[in-house]
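K.L.:
Just need the structure, nothing else, for what follows:
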Amino acid sequence: LQSTMGNSDSKISFQRAVEQLGSPGPVEAGDVAVWDQLCQESLTSIQDVFSLLPAEEIRKLREDSPTNLSTLCYKIVEKLTKSVESSCRTSAEQQTVLNSCRLLTRLIPYIFEDPDWRSFFWSKPEPGMKEGADQTPLGKSMMLAICDLLFCPEFTVSSAGNRSRDEVDELINLDSCEYIWEKGVGFAQTPSQTPQHHHNRVELLRLILTCCSESIYLPPTNEAHIGGNKWVHLFTSPENRHALPLFTSLINTVCGYDPAGVLPYNHLIWADSKENLVEMALQVLVVTLDQDLPMDGDNPDGPPDNLFLNYLSRIHREEDFQFMLSGITRLLMNPLVQTYLPGSQRKVHFHQELLIFFWKLCEHNRKFMFHVLKSSDVLEIIVPILHHLNDARADHSRVGLMHIGVFILLLLSGERNFGVRLNKPYTATVPMDIPVFSGSHADLLIIVFHKIITTGHQRLQPLFDCLLTILCNISPYLKSMSMTAACKLIHLVEAFSTPWFLMSNQTNHNLVFFLLEMLNNIIQYQFDGNYNLVYTMIRKRTVFHQLANLPTDCSTMQKNASKKSKKPLTRKSSQIEDESMEGSQPARPAEPGTLKASLMKLPRIENLTEDVSAHPSKKLMDQLTQSLASNSLESGKPIAAVAGSPVQPGADVGRGEAAGSEKVEENEKKDDSSSTADKWVPTPEWISSWKNKMPLQTVMRMLQVLVPQVEKMCIDKGLTDESEILRFLQNGTLVGLLPVPHPILIRRYQANPGTAMWFRTYMW
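P.N.:
Just a heads-up that it's a prediction; the model follows:
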């Protein structure tokens, strides 16, 4: 009771000190009592500080008594620097450090939100500072002191070896590489772990994260972010002597964490001090791996100024790659794993930060990405990504999660091994709101993409180009597609090739080009195993015939354009409703009142990717281009080559008419698309400009050869069972009957300022 009363009294004195600061007159820097009251021992949590320092009090202090706020910040940072000088040996000093960090964590956002105060930590000298005194900016003193304290024995780390606390070197001379927090990358020892040390690290890391959050208060334009974030720059620069041990400590803390524990339900009995630390470490890690936007004249290929990015790009040992990959996959799969004992495992929910971290790893360390792709381990990343994409497709507030998932798949799809790995059979381990199917991971990818396109919300439409680019990139390597996936894919062709859809926007035809390119790749390079897809194309052959005979006269066009409506791309109800996996939950929209995510607009797909040739080997080309004359099946006349060379999807066809297409993309996000229809009307010349370049030759040639054979077999044998037709197609061949195989074109992601800015706004 006495302790409770004492605690209550100290909170009252804290409030009095705050009121004194808010009074009109300045509080003298030498008034020790006021500053000590604000950092006293009795404030035991960040919640105490937040409740005792309400937002209106801080804003009032900033507006009415700016000198007092300035002095307060200097006095708190002074306490941190003095604690470093004294090596923070006593419990009283340690408590002062914690409360100082909590106070700064509370105050700094209100300093950032006022443009006039943003330079405070980097420019203003201390009030009453003498001539010739140390002119180190306050922000620098604070950040370096926090970094020192993150490796303080008996406060944030355990003492090395058997030495007592008094025998440890002074904190300012300590070799922090001996005190890395966890075993893993670059550190083979297993340090002892103390829950109190975990809590103390969280308090310090939270302050670092708050300092770096200045980006939130800047407008989301490249100009506002030129020069980068000074806090991130200092934290990851050579001026921070702890940069390397901090980098390895953060990575090892995240990747070495296993939330499952040994015993079931142990999380209900014991609190896990590490969970908050891992989440905070991961957030600091992804924020500090932010790359500055290049300024004019910079060399983008030079080594990054950010030491964290530098260290990340130089990791090269196989065991380090495996340690990081295992940690990321373990944490991504954790909330999705089904166990025989419901609720028996702790579930962590920082998958968005994990996906950003994985993206940064792949983007800045190509060797790591190749390590991921060289085995089926990559599928342990793909399955949770597809689960989150499928689950978030109807939720406006999670549009950022949709983008990061698609970005990762686009990045990986630029490598041949990704397409090859997707052929591994899929065993449903995670319940998903998709049709039950038997097939490969590639089938899972196609089915989920179909769900996103046909049942996702309107703001996902700018992602369609990316989704279909991924399908194009993997298509030359897909050995066998299930019937379910084949039906979904052809349904997309059917939906995107309807006249009203093609006429409703000047870039929609690009989606058809992507799908035709995908089908061409499969027919030319993987015909043998894809009999389900070929059968579905034969059944839906009218779709391709209608596409080839698309009208270009004004009257028909106006009639088609007038049919434009907001009808969703759903399948016709004549077919049996798809049965979802057992235990799955349908995708739900955001709860009422949930704020929509405000993110930067995405660059167009041609700015996101670069074309890379992935031409097959000479041996394969020889097999594919055997002489037409040597084949006795050549009975039909070849279809005349469609005039003009095939256009690349994503390229600007009819640039004159498509001027300002990026503005159109912005308008596509709006639910009411009538405004774009008023500004732009399709013309016969516009349709002809891309219709004559549609790559339909391969598909039409295949249909010309196979449809008569299938029809003849059905009539001769009186077949009504599709299994016989599938068996016939399975044993058929088109060698020598198709046009000369086209080179395989892979669209590989390339870094650009647009996506760099997008990631920065998404992170915060």
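
K.L.:
Tell me how far the residue positioned nearest the centre of the chain lies from L373.
P.N.:
The centroid of the chain falls nearest to I404 when counting by Cα atoms, centre = their mean (2.4 Å). I404 is 19 Å from L373, where distance means Cβ to Cβ, to the nearest Å. Bear in mind the C-beta positions are built from the backbone N, C-alpha and C, glycine included.

K.L.:
Mind giving me the packing neighbours of the helix or strand hosting V512?
P.N.:
Element membership for V512, per DSSP states H and E: helix 509-525. Here helix 509-525 touches helix 464-474, helix 483-496, helix 531-539, helix 618-624, helix 697-717, going by 3 or more Cβ pairs under 8 Å, 6 or more residues apart in numbering; DSSP states H and E.

K.L.:
Any stretches of the stretch 151-300 of the chain with poor pLDDT?
P.N.:
Within the stretch 151-300 of the chain, the stretches with pLDDT under 70 are 160-169, 220-227, 261-271, 292-300.

K.L.:
Let me see the ranges of the helices in it.
P.N.:
Under the criterion DSSP state H, counting those that start in this stretch, the stretch 151-300 of the chain contains helices at 195-212, 222-225, 230-235, 243-255, 273-288.

K.L.:
In CSV: these, plus distance to W686.
P.N.:
Converted to CSV, the helices of the stretch 151-300 of the chain look like this (distance: least, Cβ to Cβ, whole Å):
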stretch, distance to W686
helix 195-212, 48
helix 222-225, 33
helix 230-235, 47
helix 243-255, 51
helix 273-288, 44
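
K.L.:
and of those, who's closest to W758?
P.N.:
Proximity to W758, assessed across the helices of the stretch 151-300 of the chain by Cβ to Cβ, is greatest for helix 222-225 (11.2 Å).

K.L.:
in this structure, which helix or strand is least confident?
P.N.:
Using mean pLDDT, DSSP states H and E, helix 661-668 stands out as the lowest-scoring helix or strand of the chain, at a mean of 35.

K.L.:
Now do the same contact list for the closest residue to L107 other than its chain neighbours.
P.N.:
Nearest-residue entry for L107: I58, 6.3 Å, with adjacent residues in sequence omitted and distances by Cβ to Cβ, 6 or more residues apart in numbering. Counting by Cβ atoms under 8 Å, 6 or more residues apart in numbering, I58 touches 106-107, 110.

K.L.:
In a strand, T427, correct?
P.N.:
No: judged by DSSP: H, G, I helix; E, B strand; the rest coil, T427 forms no part of a strand; its state is coil.

K.L.:
For it, grab the count of nearby residues.
P.N.:
By other Cβ atoms under 10 Å, 7 other residues sit near T427.

K.L.:
From K479, how far out is it?
P.N.:
From T427 over to K479 (counting by Cβ to Cβ), the distance is 18 Å.

K.L.:
How many neighbouring residues does the closest residue to P245 other than its chain neighbours have?
P.N.:
Excluding its sequence neighbours, the residue lying closest to P245 (Cβ to Cβ, 6+ apart) is S176, at 4.3 Å. Neighbour count for S176, taken as other Cβ under 10 Å: 20.

K.L.:
hmm, back to that, now the angle from the helix holding V512 to helix 464-474?
P.N.:
10 degrees (axes from the mean of the first three to the mean of the last three Cα atoms, to 10 degrees).

K.L.:
Using PDB, write out every CA atom in helix 509-525.
P.N.:
The C-alpha trace of helix 509-525 is given here as PDB (Å, rounded to 0.1, in the frame of the first residue of the first chain):
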ATOM      1  CA  HIS A 509      -5.700  -4.400 -74.400                       C
ATOM      2  CA  ASN A 510      -2.300  -4.900 -72.900                       C
ATOM      3  CA  LEU A 511      -3.800  -7.400 -70.500                       C
ATOM      4  CA  VAL A 512      -4.900  -9.600 -73.500                       C
ATOM      5  CA  PHE A 513      -1.400  -9.300 -75.000                       C
ATOM      6  CA  PHE A 514       0.100 -10.600 -71.700                       C
ATOM      7  CA  LEU A 515      -2.300 -13.600 -71.600                       C
ATOM      8  CA  LEU A 516      -1.700 -14.500 -75.300                       C
ATOM      9  CA  GLU A 517       2.100 -14.300 -74.700                       C
ATOM     10  CA  MET A 518       1.700 -16.700 -71.800                       C
ATOM     11  CA  LEU A 519      -0.400 -19.200 -73.900                       C
ATOM     12  CA  ASN A 520       2.200 -18.900 -76.700                       C
ATOM     13  CA  ASN A 521       5.000 -19.800 -74.400                       C
ATOM     14  CA  ILE A 522       3.200 -22.800 -73.000                       C
ATOM     15  CA  ILE A 523       2.200 -24.100 -76.500                       C
ATOM     16  CA  GLN A 524       5.700 -23.600 -78.000                       C
ATOM     17  CA  TYR A 525       7.800 -24.900 -75.100                       C
END
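
K.L.:
so how far is that helix off the chain centroid?
P.N.:
Taking Cα atoms, centre = their mean, to the nearest Å, one finds helix 509-525 lying 27 Å from the centre of the chain it belongs to.

K.L.:
Surely F368 and M324 touch.
P.N.:
Yes: applying Cβ atoms under 8 Å, one finds F368 in contact with M324, separated by 7.2 Å.

K.L.:
These two: which has the busier surroundings?
P.N.:
M324 (26 against 21).

K.L.:
Mind checking what secondary structure the more buried one has?
P.N.:
helix.

K.L.:
what sits against it?
P.N.:
By Cβ under 8 Å, 6+ apart, M324 lies in contact with 185, 251, 255, 315, 361, 368.

K.L.:
for V710, same thing?
P.N.:
538, 725, 728-729.

K.L.:
Then C362?
P.N.:
Counted by Cβ under 8 Å, 6+ apart, C362 has contacts 368-369, 372, 408, 411-412.

K.L.:
what does W122 give?
P.N.:
137-140, 230.

K.L.:
how about those in a markdown table, adding neighbour count and secondary structure?
P.N.:
A markdown table is the format used below for the contacts of W122 (neighbours: other Cβ atoms under 10 Å; DSSP: H, G, I helix; E, B strand; the rest coil):
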| residue | neighbour count | secondary structure |
| --- | --- | --- |
| P137 | 17 | coil |
| L138 | 20 | helix |
| G139 | 21 | helix |
| K140 | 17 | helix |
| K230 | 19 | helix |
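
K.L.:
Which one of these is nearest to N240?
P.N.:
K140 (9.7 Å).
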